[in-house]
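**Student:** when you get a sec, could you give me coordinates for this:
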Amino acid sequence: MIFNILRDNGELHLSRQITFYDHNLLLYRHFGAKKWFSKDGLKSEGKNKREVNLEKFYNFLENGCNNKLINYALNQLKTEGYLNNRLRMIFASYFCNKLNLDHRLGAELFEYYLLGFNPINNQAGWMWCAGLGNDSVPYPGRVFNINNQLYKYGKPA
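**Tutor:** Numbering: from 1, shown residues only. Okay, here's the model as predicted:
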């Protein structure tokens, strides 16, 4: 459950998971904590225009939003301490791009609630969704269509 070691057909893909962790660890060691946990992530200065609005953040935590899937994910995160990888990406995309909140607030949210938390990979995932990581996706980042995601991966109960 923690690492999703088995695919649907039963083949192991643990090596890909370990490669992802090692890749992020090497990037962290190369760029250092100051750059890794910065407002703009690994992109050049001034890219991140999202706000650190604590009132909006706490309102979202308490009341959710107008999206059923995101509310389901937030509730599952708070009650179970777990979200599968797809739901984490959808949640992070909505958080950064629809709510326009800084990725560091989302990373702190996951740090607080996730049971299988890893600080380096958590930050890397949030930077990836926000478009501030080491890849070529431009700002504002990866914007997931929530309706398409519901259609492809199923509706929450």
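**Student:** how about the strands in this structure?
**Tutor:** Assigned strands in the chain: none (criterion: DSSP state E).
**Student:** measure the nearest residue to residue 42 once chain neighbours are set aside to residue 74 for me?
**Tutor:** Spatial nearest neighbour of residue 42, excluding adjacent residues (CB to CB, 6 or more residues apart in numbering): residue 134 at 4.9 Å. All C-beta spots, glycine's among them, are computed from the backbone N, C-alpha and C. Going from residue 134 to residue 74 by CB to CB, to the nearest Å gives 28 Å.
**Student:** re the thing from before, wait, doesn't the residue nearest to residue 42 sit right on residue 28?
**Tutor:** No. Applying CB atoms under 8 Å as the test, residue 134 and residue 28 come out as separate, 10.7 Å apart.
**Student:** residue 134 and residue 74: which is more packed in?
**Tutor:** Between residue 134 and residue 74, counted using other CB atoms under 10 Å, residue 74 has the larger neighbour count: 22 against 15.
**Student:** and the gap between that one and residue 25?
**Tutor:** Using CB to CB, residue 74 is found at 29 Å from residue 25.
**Student:** could you report the neighbour count for the nearest residue to residue 46 once chain neighbours are set aside?
**Tutor:** Using CB to CB, 6+ apart and skipping the chain neighbours, the partner closest in space to residue 46 is residue 40 (6.7 Å). For residue 40, the tally of surrounding residues (other CB under 10 Å) stands at 17.
**Student:** over to residue 40: give its phi and psi.
**Tutor:** Main-chain torsions, residue 40, degrees, to the nearest 10: phi -100, psi 10.
**Student:** what's the closest non-adjacent residue to residue 100?
**Tutor:** residue 50 (5.3 Å).
**Student:** try residue 137
**Tutor:** Once flanking residues are discounted, residue 137 sits nearest to residue 131: 4.8 Å by CB to CB, 6+ apart.
**Student:** also residue 78?
**Tutor:** Residue 78 sits nearest to residue 113 (CB to CB, 6+ apart), 5.9 Å away.
**Student:** and if you look at residue 94?
**Tutor:** residue 70 (5.1 Å).
**Student:** what pLDDT does the one you found get?
**Tutor:** Listed pLDDT for residue 70 reads 92.
**Student:** no further queries at this time; thank you.
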